[in-house]
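> Need the 3D shape of this:
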Amino acid sequence: MIFYSILTIACVWYRSKERTSIKLATYPSVVVLIPAHNEDVVIEDTLRAMARLQYPGKLDIFLLDDNSVDRTAEIGQAFSRVFSHIHCIPVPKGEPKGKSRVLNYGLKISDSEYFVVYDADNQPEPDALRKLVEAAESTPNTAGAVGCVRTKNMHRNYLTRMIGLEFQVFQLLMQCGRWALFKLGSLAGTNMLLKRSVIREVGGYDEYALAEDADLTMRITALGYRLPVVSNSYTWEQEPETIKTFLKQRTRWLIGNIYMLGKSLHDFSYWKGKTFVLTLHYQMTYAVFVMLLLVSDVFFLIGLFGHVFAISMHTPFLFLWFMSYIVYTSQLLSAIVMDRNVSVKNVCFLLMMYFTYAQLFIVLLVRGYSIFFWNKLRKQTIGWDKTARFRSKPE
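Here you go, the predicted structure:
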């Protein structure tokens, strides 16, 4: 509670200070890498957004078609015929399947000073890339820069609204708070800019890492590089609209972080210098937080019904639970205030998220660790589980 409260205060201080982008005399070359596997539901909107990117330097956009069997390649080729800087690239078959292998291939066939990754359902704002490059070029000892992710289907249903509110906490509080306190940024998997020289230095993407962004963040930070957080560089992303899709996506994220935490147990670099803060944060998020969430549920029930069962304890369990609830809800409230997204509906949602949305992470904990250790026992590689997309509907 103390750790997250400090991050919240640091973020509020950081976001309250006005910042302007530093214009560059010359802009370095950049290639946009978009991994895509069966993305015809969303890829047209994504490529339209990519065509609207306003970048003063040399820019190439690579749609990396990973053996799609739908109309992904057809749509990509249509855009490449109209826009000379958009290229539809077929990715050869290979193992292991997943985003990391596709990105490594994209880096192999492209040539630029920087590369930026966008997921196939992303629609970056026209100035998003320029702001990332300006931050990377004007901050000492950087490996790139990290932008923010917004939920474009936030108002679709209760689930997407809660995901959108959670993203505001992660992007606005966790990211900005860590940068304000420790000059630490964390790659978000999309809307992230990296120097090609740095990715070569760390040996490229780990193709067995399902949370490739977190794994790469750790290795980059261990070398002493910075990843500045650019809080006004936005991309809009589609989030899962059903519980089933949400659980599949977040289970992959959880398994990826379990894999990374396992690496940290036998690699000292994960605990050296500023990487200690990141490793500690990941441990708290994917191990400690969910366990304490379960404990807080027990505290809540004991506090409510202890007198019924004649439980006699000196600890005020209901008060301990209430403190946890206040910290969790205060984070959400701070996020929507800083993001100027306050509404009666959003406040009502964040007041009930601890009882509903947060409890899903207990299911994820059980599901993620079960799958991870079951595959470990069978000595099988856990495959990449693609997130299902949904067709856009009028809001």
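> Domain ranges for this protein, per the record?
Per the record, the chain has its domains at 2-11+27-241, 275-378, by automatic domain parsing.
> how long is the first one end to end?
Meaning domain 2-11+27-241. End-to-end span of domain 2-11+27-241 (CA to CA, to the nearest Å): 33 Å.
> Also the shortest one?
End-to-end span of domain 275-378 (CA to CA): 32 Å.
> pLDDT (mean, whole number) over that domain?
Average pLDDT, domain 275-378: 77.
> now swap in the longest one and tell me
Per-region confidence: domain 2-11+27-241 scores 92 on mean pLDDT.
> before we move on, back to that, to R250, which of the domains of the chain lies closest?
Closest approach to R250 among the domains of the chain (CB to CB): domain 275-378, 5.2 Å. Any C-beta I mention is one placed from the backbone N, CA and C, and that applies to glycine too.
> Could you report the neighbour count for L293?
Neighbourhood size, L293 [other CB atoms under 10 Å]: 17.
> actually W236, not the one I wrote
W236: 19 surrounding residues under other CB under 10 Å.
> for stretch 167-185, which positions count as buried?
For stretch 167-185, burial by neighbour count (16 or more other CB atoms under 10 Å) applies to 167-182, 184-185.
> Pull the residues that contact it.
4, 6-11, 13-15, 145-146, 148-151, 186, 188, 217, 221, 226-229, 231, 239, 274, 277-278, 281, 331-332, 334-336, 338-339, 341 (CB atoms under 8 Å, 6 or more residues apart in numbering).
> can you check stretch 153-162 too?
For stretch 153-162, the surrounding residues in contact (CB under 8 Å, 6+ apart) are 151, 163-164, 238-243, 246, 345-346, 349, 353, 356-357, 390, 392-393, 395.
> Please tell me how far the residue nearest the centre of the chain sits from N346.
Per CA atoms, centre = their mean, the C-alpha nearest to the average position across the chain is that of A188, at 3.4 Å. With the distance defined as CB to CB, to the nearest Å, A188 ends up 22 Å from N346.
> re the thing from before, just the buried ones from the contacts of stretch 153-162?
The neighbour-count test (16+ other CB under 10 Å) marks 151, 163-164, 238-241, 246, 346, 349, 353, 357, 390 as buried among the contacts of stretch 153-162.
> Could you export those as TSV, including distance to Q380?
Below are these laid out as TSV (distance: CB to CB, whole Å):
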residue	distance to Q380
T151	34
I163	30
G164	35
Q238	30
E239	29
P240	25
E241	30
F246	24
N346	42
F349	39
M353	35
Y357	31
F390	30
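> Among the residues you listed, which are located in strands?
Assigned to strands by DSSP state E, the following of these qualify: T151.
> For Q123, state which of the buried ones among the contacts of stretch 153-162 is nearest.
Q238 (8.9 Å).
> Can you tell me which of the domains of the chain is nearest to Y259?
Judged by CB to CB, the one of the domains of the chain that comes nearest to Y259 is domain 2-11+27-241, at 6.1 Å.
> now the closest one, how far from the centre of its chain.
For domain 2-11+27-241, the separation from the chain centroid amounts to 9 Å (computed by CA atoms, centre = their mean, to the nearest Å).
> repeat for stretch 386-395
Distance of stretch 386-395 from the chain centroid (CA atoms, centre = their mean) equals 18 Å.
> And the contacts of it?
Stretch 386-395 has contacts (CB under 8 Å, 6+ apart) with 37-39, 41-42, 45, 120-121, 153, 155-156, 238, 240-241, 245, 248-249.
> Show me which positions of stretch 26-38 end up buried.
Applying 16+ other CB under 10 Å to stretch 26-38 flags 27, 29-38 as buried.
> Okay, and which of the buried residues of stretch 167-185 map to helices?
In helices, defined here by DSSP state H, the members of the buried residues of stretch 167-185 are 167-168, 176-182.
> I'd like those residues laid out as TSV, including distance to S324.
Output for these, formatted as TSV (distance: CB to CB, whole Å):
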residue	distance to S324
F167	21
Q168	20
C176	23
G177	19
R178	21
W179	26
A180	24
L181	22
F182	24
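> Closest to K23 out of these?
W179 (21.6 Å).
> And T142, its phi and psi?
T142 adopts backbone torsions of phi -100, psi 150, taken as degrees, to the nearest 10.
> Quick check: bridge partners of it?
Beta-bridge pairing for T142 (DSSP bridges): R226.
> residues in contact with it?
T142 sits next to 135-136, 195, 225-228 when contact means CB under 8 Å, 6+ apart.
> Show the residue spans covered by the strands in the stretch 101-250 of the chain.
Shown for the stretch 101-250 of the chain, the strands assigned by DSSP state E, counting those that start in this stretch span residues 114-117, 122-124, 144-151, 192-195, 229-237.
> now for the ones you listed, which one comes closest to R130?
Among the strands of the stretch 101-250 of the chain, strand 229-237 sits nearest to R130 (CB to CB), with 8.4 Å.
> List only buried entries from the contacts of stretch 167-185.
The neighbour-count criterion (16+ other CB under 10 Å) marks 4, 7-8, 10-11, 14-15, 145-146, 148-151, 186, 188, 217, 221, 226-229, 231, 239, 274, 278, 281, 331-332, 334-336, 338-339 among the contacts of stretch 167-185 as buried.
> which among the contacts of stretch 386-395 end up buried?
So, by 16+ other CB under 10 Å, the buried ones in these are 37-39, 41-42, 45, 120-121, 153, 156, 238, 240-241, 245, 248-249.
> Noted, bye for now.
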